[in-house]
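K.L.:
One predicted model, sequence on top.
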Amino acid sequence: MAPMKVYGWAVSPWMARVLVWLEEAGAEYELVPMSRNDSDHRRPKHLARNPFGEIPVLEDGDLMLYHKPSRFLTSSFRFSSCESRAIARHILRKYKPELLGAGSLQESAMVDVWVDVDAHQLEPVLKPIVVNCIINPFVGRDVEQGIVDESVQKLKKLLEVYEARLSSNKYLAGDSISFADLTHFNFMRYFMATKHAVVLDAYPHAKAWWEALLARPSVKKVIAGMPPDFGFGSRRIP
C-alpha cells in the first residue's frame with residue numbers, strides 16, 4: 001500500500017496536528033511541502049485536492065481529506081481547525097484506534113469530551129493571544145491589548161478546570177495518553193512562545209502534563225518545523 005501524503009506547510013498549527021498523529025501512529029507517510037507565499041494552495045493542482053484551497057490535505061489512496069475555510073482570519077493567516085481533527089481521527093482509526101479510546105465506552109467518551117473542550121473552549125481563547133502577541137507585530141497590525149488581557153483571564157479560568165482534572169488523572173481521558181491530549185499540542189506550542197506562557201506556572205499538574213507532551217518523540221520531531229515566531233522573524237516563512 002502506498003504511503004499517505006500530507007500537503008501543506010509545517011508551521012501551520014493544524015498541519016502540525018496531522019503530522020504529530022502520523023508520527024505518533026508510526027504511519028508511513030510523505031510530506032509534500034507547499035509555499036504559502038507562492039500561493040501553492042490556490043493553484044489548480046491543489047484545488048483539485050481541496051476545492052476550498054486550504055491546508056492540510058491528507059491523501060490516503062483514493063480518499064482525500066481536507067479543510068474548508070474558517071471565519072477566523074488575519075491579514076496573513078486563515079485559521080482552520082475542526083477538519084484537522086477529522087483527519088487525525090482517520091489516521092488513528094486506521095493505525096492506533098486505542099488512542100481514540102476504542103474498546104472502552106467510558107474512555108472514548110472522555111476522549112470526545114476533552115477534544116471538544118480544546119476545540120470550543122481552549123483554542124478560541126488561545127488564538128487571539130497568539131495572533132496579537134506573535135503575528136500582528138510582524139504584519140503591521142495593532143496589538144489589541146484589551147482582547148489579549150480578556151483572553152488571558154478566560155484562560156486562567158479554563159486552566160483551573162484542567163488542573164482539577166489532571167490532579168486526579170495523569171492524562172485528560174485517563175492514565176494513558178490519547179487523542180484528547182496531543183490534539184492540544186499544536187496551538188499550545190505557539191501560546192507557550194508568548195510572554196503569557198508564565199500563566200501555566202500557577203497550575204502544576206497542567207504544567208507537568210504539558211511537559212510530558214513535549215517530551216514525546218513525535219512532538220519533538222514536529223515542533224522542529226514550527227518556529228515560535230511562525231517563521232516571520234527568523235524568515236522561515238514557507
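P.N.:
Right, received. Where do you want to start?

K.L.:
which residues does the residue nearest to the spatial centre of the chain contact?
P.N.:
Nearest to the mean C-alpha position of the chain, by CA atoms, centre = their mean, lies Asn186 at 2.9 Å. Under the criterion of CB atoms under 8 Å, 6 or more residues apart in numbering, the neighbours of Asn186 are 13-14, 16-17, 20, 84. All C-beta atoms are positioned from the backbone trio N, CA, C, and that covers glycine.

K.L.:
Now pLDDT and distance to Val139 too, for the residues you listed, in JSON lines please.
P.N.:
Formatted as JSON lines, the entries for these read as follows, by pLDDT from 0 to 100; distance: CB to CB, whole Å:
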{"residue": "Pro13", "pLDDT": "91", "distance to Val139": "17"}
{"residue": "Trp14", "pLDDT": "88", "distance to Val139": "19"}
{"residue": "Ala16", "pLDDT": "93", "distance to Val139": "20"}
{"residue": "Arg17", "pLDDT": "92", "distance to Val139": "23"}
{"residue": "Val20", "pLDDT": "96", "distance to Val139": "26"}
{"residue": "Ser84", "pLDDT": "88", "distance to Val139": "23"}
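
K.L.:
Give me the buried subset of the residues you listed.
P.N.:
The neighbour-count test (16 or more other CB atoms under 10 Å) applied to these identifies 13-14, 16-17, 20, 84 as buried.

K.L.:
Could you point out which of those residues is nearest to Val199?
P.N.:
Nearest to Val199 among the buried ones among the contacts of Asn186: Pro13, at 18.9 Å, using CB to CB.

K.L.:
State the distance from that closest one to Ala109.
P.N.:
When distance is defined by CB to CB, to the nearest Å, Pro13 is 26 Å away from Ala109.

K.L.:
all helices for this structure, in order.
P.N.:
Using DSSP state H, the helices of the chain run over 13-25, 44-47, 82-95, 105-117, 123-130, 136-139, 145-166, 179-182, 185-191, 204-214, 217-223.

K.L.:
Any chance of those helices in TSV with distance to Gly231 as columns?
P.N.:
As requested, these are exported to TSV (distance: least, CB to CB, whole Å):
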stretch	distance to Gly231
helix 13-25	13
helix 44-47	20
helix 82-95	19
helix 105-117	28
helix 123-130	14
helix 136-139	9
helix 145-166	21
helix 179-182	22
helix 185-191	11
helix 204-214	20
helix 217-223	13
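
K.L.:
List the buried residues for stretch 39-55?
P.N.:
Using 16+ other CB under 10 Å as the burial criterion, the residues of stretch 39-55 that qualify are 40-41, 46, 49-50, 52-55.

K.L.:
ok, Ala208 - how many residues close by?
P.N.:
Under the neighbour criterion other CB atoms under 10 Å, Ala208 is assigned a count of 11.

K.L.:
Over to Val143?
P.N.:
Around Val143 there are 13 other residues, counting by other CB under 10 Å.

K.L.:
ok, now which ones touch the closest residue to it other than its chain neighbours?
P.N.:
Take Val143 and drop its neighbours on the chain: the residue closest to it by CB to CB, 6 or more residues apart in numbering is Asn132, 4.9 Å away. With contacts defined as CB under 8 Å, 6+ apart, Asn132 is in contact with 143-145, 147-148.

K.L.:
now Met192
P.N.:
With the criterion set at CB under 8 Å, 6+ apart, Met192 makes contact with 200, 210.
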